[in-house]
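Peer 1: Okay, predicted coordinates and the sequence, questions at the end:
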Amino acid sequence: MRKLFAGVGAILLATVAAVFAFGPSAHAATGFTVSGGKLYDANGNEFIMRGVNHAHTWYTNQTSSFANVKALGANTVRVVLSSGDRWTRNSADDVANVIQLCRTNRLICVLEVHDTTGYGEQSGAVTLNRAVDYWLSIASALNGQERYVIVNIGNEPYGNQNYSSWATDTANAIRRLRTGGIGHTIMVDGPNWGQDWSFTMRDNATTVFTADTARNTVFSIHMYGVFNTAAKVSDYLGRFRSAGLPIVVGEFGHYHSDGDPDEDAILAYSQANGIGWLGWSWSGNGGGVEYLDLATNFNPNQLTSWGQRLFNGANGIRQTSREASVFGSTPPT
């Protein structure tokens with residue numbers, strides 16, 4: 001999806017036998033792990049994301065947003081960062097502060113590099129390899145945070161053109177992160193502005209998953225106009241479930257310029273099948289997509305109709321969100 005912001009400008013054919021061959025995650029249980037198509041926290045409890053996206057890199061002063069989305073029931077926040085290629089770089093110190101804000105507010109933190117958005121079609125977009133350079137450069141902020149942080153390599157890393165190398169480039173990016181010492185659960189977005197209408201991610205998911213020596217990768221589909229019927233939602237997500245591969249809806253909205261996504265189907269199917277999701281986005285959308293704001297002017301007391309639906313509606317955050325067990329009974333320090 002092409003997203004504009006005020007002032008600133010994401011056929012799986014694995015056999016059941018192949019899935020069983022993956023076995024439990026080889027990743028040491030210092031953080032999140034993946035097994036049997038499900039995500040588990042460091043205590044070994046299944047964790048299902050129920051949260052929102054927050055455009056931190058363009059609104060670094062909106063640090064109260066973490067507490068506000070937590071107060072509304074979210075258990076996860078996906079945080080927009082920049083490698084410095086298209087927008088102002090988020091330093092290791094800034095990322096460390098974001099992680100601490102998440103931990104203080106008992107939120108799981110999914111960090112993503114946004115500069116890759118629409119590579120191959122969007123002018124200025126950078127490669128996944130460049131995103132890996134960024135992650136390795138801020139490893140000091142990430143290391144030791146595996147219990148609370150998931151690394152989403154790059155947002156919507158290819159547009160609707162020149163996306164045929166998605167599987168190779170994504171697998172190579174995962175290998176570089178592992179070789180570089182990143183032990184976190186990794187999340188990868190599909191091509192075609194995240195919506196994978198070409199089924200490139202779907203058809204190559206097994207290959208990419210096995211490229212991760214830790215077997216600790218989660219796939220993320222973004223659902224906008226491509227997913228305008230319940231049948232399309234259930235077919236796409238269902239193929240990952242059948243293959244025992246982990247899938248989350250990393251972004252979705254209630255409406256978009258490319259069509260009218262079926263948000264009710266996304267929420268209902270995800271709840272019935274234990275699939276995580278992260279709504280786009282907390283606040284700050286501009287350039288004609290202001291309708292995707294969940295809150296007006298970052299004010300939690302001014303939820304939009306989209307915000308009311310996501311937080312308070314059927315199968316929404318208040319009904320279905322469960323805090324990660326790693327936070328225990330008292331906040332971490």
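Peer 2: Okay, I see it.

Peer 1: if I look at the nearest residue to residue 230 once chain neighbours are set aside, how far off is residue 197?
Peer 2: Spatially, and ignoring its direct neighbours in sequence, residue 230 is nearest to residue 265 (3.7 Å; C-beta to C-beta, 6 or more residues apart in numbering). Glycine gets a C-beta too; all of them are placed from N, C-alpha and C. Noted for residue 265: a distance of 17 Å to residue 197, by C-beta to C-beta, to the nearest Å.

Peer 1: re the thing from before, roughly how far is the helix or strand the residue nearest to residue 230 falls within from the heart of the chain?
Peer 2: Per DSSP states H and E: residue 265 is located in helix 263-273. Relative to the centre of its chain, helix 263-273 is centred 17 Å away, using C-alpha atoms, centre = their mean, to the nearest Å.

Peer 1: So which residues make contact with that helix?
Peer 2: Residues from elsewhere that reach helix 263-273 (C-beta atoms under 8 Å, 6 or more residues apart in numbering): 223, 227, 229-230, 233-234, 237-238, 241, 249, 252-254, 275-277, 309-310, 313-316, 320.

Peer 1: Give the other helices and strands that the helix or strand following it contacts.
Peer 2: Per DSSP H and E, the first helix or strand lying C-terminal to helix 263-273 is strand 276-279. In terms of contacts (3 or more C-beta pairs under 8 Å, 6 or more residues apart in numbering; DSSP states H and E), strand 276-279 is packed against strand 50-54, strand 76-81, strand 247-252, helix 263-273.

Peer 1: can you redo the ones you listed as TSV with mean pLDDT, mean neighbour count and distance to residue 156?
Peer 2: Formatted as TSV, the helices and strands packed on strand 276-279 follow (pLDDT from 0 to 100; neighbours: other C-beta atoms under 10 Å; distance: least, C-beta to C-beta, whole Å):
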stretch	mean pLDDT	mean neighbour count	distance to residue 156
strand 50-54	99	27	12
strand 76-81	99	26	12
strand 247-252	98	28	8
helix 263-273	98	19	17
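
Peer 1: follow-up on the earlier one: among the contacts of helix 263-273, which are in strands?
Peer 2: Per DSSP state E, strands hold the following members of the contacts of helix 263-273: 223, 249, 252, 276-277.

Peer 1: Now compare those and name the two farthest from each other.
Peer 2: 223 and 276 (12.7 Å; C-beta to C-beta).

Peer 1: Give the residues shared as contacts by those two.
Peer 2: Listed as contacting both residue 223 and residue 276 by C-beta under 8 Å, 6+ apart are residue 249.

Peer 1: Which positions within stretch 308-316 qualify as buried?
Peer 2: 309-311, 313, 315-316 (16 or more other C-beta atoms under 10 Å).

Peer 1: Next up, phi/psi of residue 260, please.
Peer 2: phi -120, psi 90 (degrees, to the nearest 10).

Peer 1: Need the per-residue pLDDT for it.
Peer 2: As predicted, residue 260 sits at a pLDDT of 97.
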